[in-house]
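Asks: here are the coordinates; sequence isn't available:
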């Protein structure tokens, strides 16, 4: 789904609300990703997209390798620059909160599907586990060492701590 910037410019308040409901095959081919977004022009230079994305993703557990589904609710607040920012930032600059702006390079449209895809991908955790009690797969667990292999640490098994009695 693409939104033309010229259509938003022609609106009285230069803002448009969009309801997005499409299936993104990479996430879950049976459940559509839903989003309520507000696209607003911020002067002649910037465009802001705010809203909420709800997605049910089909993932694979890193521990037991079984597929599971996980709900995501993501708040987005993205800013786009209509013209190129490269002239403005020729030297190194320190990034701050307002520095994360996507450059449209003069394009007259915003790809909402790509924006939603990127937002969801960036919110998937690094370690995927199907549940808090997942113990893993037997075929995987046999390759995981559970004992300390360093013989220098064996001395710590013999240490006994005695409690001091208060007089």
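Replies: Received, thanks. Source: prediction; values computed, not measured.

Asks: only C-alpha atoms for contact and neighbour calcs from this point on.
Replies: OK.

Asks: which ones are touching residue 59?
Replies: In this structure, residue 59 makes contact with 27, 67, 68, 69, 70, 128, judged by Cα atoms under 8 Å, 6 or more residues apart in numbering.

Asks: what's the most distant pair in these?
Replies: 27 and 128 (14.2 Å; Cα to Cα).

Asks: when the two are compared, which one has more neighbours?
Replies: Neighbour count, other Cα atoms under 10 Å: between residue 27 and residue 128, residue 27 has more, with 19 against 15.

Asks: that one and residue 46, how far apart?
Replies: Summarising the geometry, the distance separating residue 27 from residue 46, computed by Cα to Cα, to the nearest Å, is 30 Å.

Asks: where in this protein is pLDDT low?
Replies: The model of the chain has pLDDT under 70 over residues 83-106, 137-149, 166-167.

Asks: which stretches in it count as helices?
Replies: Secondary structure of the chain (DSSP state H): helices at 5-9, 112-122, 138-141.

Asks: which helices and strands does the second one pack with?
Replies: In terms of contacts (3 or more Cα pairs under 8 Å, 6 or more residues apart in numbering; DSSP states H and E), helix 112-122 is packed against strand 2-4, strand 46-60, strand 67-81.

Asks: please point out which parts of that helix sit buried.
Replies: Burial within helix 112-122, assessed by neighbour count using 16 or more other Cα atoms under 10 Å, is assigned to 112, 113, 116, 119, 120.

Asks: hmm, back to that, how about TSV for the helices of the chain, with distance to residue 153 added?
Replies: Below are the helices of the chain laid out as TSV (distance: least, Cα to Cα, whole Å):
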stretch	distance to residue 153
helix 5-9	65
helix 112-122	40
helix 138-141	23
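
Asks: looking at those helices, which is nearest to residue 53?
Replies: Evaluated with Cα to Cα, the helices of the chain place helix 112-122 nearest to residue 53, the distance being 7.3 Å.

Asks: need the residues that contact that closest one.
Replies: For helix 112-122, with Cα under 8 Å, 6+ apart as the criterion, the contacting residues are 1, 2, 3, 24, 53, 55, 72, 74, 76.
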